[in-house]
Every structure is written in C-alpha cells, then in structure tokens.
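A.B. asks: build me a model from this:
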Amino acid sequence: MQKNITRLGVILALVFWVVDSFIDSLLSEDGITFIESCFYPGGEELWIRSFAVLLFLIFSAYAERLLKIINNMARELKQYHDRLQYTVNELQMEMAERKVAIKELEQLAITDPLTSLYNRRKFDELLAYEVERNQRYHADLSLIMCDIDHFKQINDKFGHAAGDTALKTFSNKVTENIRDVDIFARWGGEEFMILMPNANIDNARSVAEKLRKTIENTNIKTVSSLTASFGVTRYNDDDTTESFVKRVDTALYRAKQQGRNTVVTAA
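C.D. replies: You can find the predicted model right below:
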C-alpha cells in the first residue's frame, strides 16, 4: 500500500511537471511569437497552424481543470497518508500498552501480592528446574522451610493488618540476609521456602540460624514479639522433588515440636 501511494505521487508529480513545462514553453517569447504567427499563416502552413491553434485552445480549456484535479488528488493523497500514519501510530501505541499489560499479568501470576515474593506455583517450577540441574551436575542443593511462630495468635490478638505487617517484615528481613541466587518464596499462609543452589547443608543451617536470630531481634510496633521456626535439609541423589520437600517439612514440624524459635536439620 505504501509503495503504491509513493508511485502514484511520483506519477502525479511527473504529470504536473510536464504540464507546467509545456505552459512555460507556450508563454515564452518564442511560443508567443509562434501563436501570433498562427493568425497570419502563409499558404501551405495554414492547416498546420490552424490545427496547432485548435490544440492550444483545447489544451488551454482543460489545463486549468487538469491542474485542479492534480492538486485535489495530491491533497487527498496527503490526507490519506496522514490518516494512515495516525492509524499506524495508534496501533503501535496499543501494542506497546498490551505488552506492558501482559508483562504485568505474567508478574502477578508468579508473585505473592502481599510480600512480592514468588508464589508457590513459581517456586514449584524453579524447584523442579534446580532438582533436574542437580541430577545432571551433582552440585550442592539445600532447602530451608520456615514458619512464623504463633501466627494465628498474632491475627487474633492484634488483627489481620498486624499479621500482614508481620509477614512483610519477615519477608524483608529474610531477603536482606540471603544471597541473590537463593530462591525465596511464600509457600502458603505463614510458611516460606528458601532454595539454596550450590550450598551444602552446613551452609544452609548457618543461614537459617542467622535468620532465626534476626527475626527474634526484630521489633514490630504492632506485634509484641516475632519468632520463627526453621527446617533445613539437602538434596540427595535418590530424591524427587516430593521427597525433598517432605523431608524439609518434617524437619520444620520437629522444630515446632521442640518449642519453636529453633532450627532443625534433616539430612
């Protein structure tokens, strides 16, 4: 479509140039002299000059109309081009807005809205990837599962707003004290997972203990105290994702049984 418009514009410009050149030629000194001589023909040149005068009169009658038509076509062509360009710009803007909206929807699909951490769905996806990678390269892989102690009591005593504050504070403190490569996600409710690639179980336990102390020493105005329990395990060669998660869940359960605010390791 754009090529056809360009070609039409070139043709119109060429026609306009030819017409304009022809008129300039007729209005030149030689052209005027020739026209004047047509009215004083001599012998055999009479019919030729008469025919030339007839052509000139016909051309003069239609030249102005032709120029108007060409000008109108050029103006309509420009208007059409402007409308087409406006439509293209609108479509490009709409496509850009849709890309942003799709990206935001994709982010919402994998993110916990309260803490802005990965949600369980995304964590399961990343866990499966890391387990597969570990099976291929046999690198260290550890998992920490943590749970805010007595979270139901926080909600019941201080309200759900205070509970939300506790969840966000806990998330921020953990994020500040783990590596960028560690995968931190909200598993559900007050439970969280930390997947640690290239970290052995001793490294993971040290991180869990550091996090336990950090949470214990964190002051939240709306909550009198905040502690958390931690289960730690490593990936074994015969593990599946299910057995890996089940073992760390068992370690966390034992930490709660032992009085909470503690770290339990399950190899």
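
A.B. asks: okay, now the unreliable bits of this structure?
C.D. replies: Within the chain, the stretches with pLDDT under 70 are 1-66.

A.B. asks: quick one: the strands in it?
C.D. replies: In the chain, strands defined by DSSP state E lie at 141-148, 183-188, 191-197, 228-234, 263-266, listed in chain order.

A.B. asks: from residue 219, how far off is residue 97?
C.D. replies: 44 Å (C-beta to C-beta, to the nearest Å). From N, CA and C alone the C-beta is placed, and that goes for glycine too.

A.B. asks: follow-up on the earlier one: quick one: which of the strands of the chain is nearest residue 102?
C.D. replies: strand 183-188 (22.5 Å; C-beta to C-beta).

A.B. asks: just give the number of residues close to residue 134.
C.D. replies: 19 (other C-beta atoms under 10 Å).

A.B. asks: so who does it touch?
C.D. replies: The contact partners of residue 134, by C-beta atoms under 8 Å, 6 or more residues apart in numbering, come to 141, 235.

A.B. asks: can you tell me how far it sits from residue 265?
C.D. replies: 19 Å.

A.B. asks: so who does residue 258 touch?
C.D. replies: residue 264 are the contacts of residue 258 under C-beta under 8 Å, 6+ apart.

A.B. asks: could you do the one 5 residues further on as well?
C.D. replies: Residue 263 makes contacts with 205, 208, 209, 212, 229, 230, 231, 232, 255, as judged by C-beta under 8 Å, 6+ apart.

A.B. asks: wait, residue 187 touches residue 121, no?
C.D. replies: No: using C-beta atoms under 8 Å, residue 187 makes no contact with residue 121, being 10.8 Å away.

A.B. asks: quick one, which of the two is more surrounded?
C.D. replies: Higher neighbour count among residue 187 and residue 121: residue 187, with 21 against 11, using other C-beta under 10 Å.

A.B. asks: the closest residue to that one other than its chain neighbours and residue 125, how far apart?
C.D. replies: Distances taken as C-beta to C-beta, 6 or more residues apart in numbering place residue 193 nearest to residue 187, at 4.8 Å, with adjacent residues excluded. Using C-beta to C-beta, residue 193 is found at 12 Å from residue 125.
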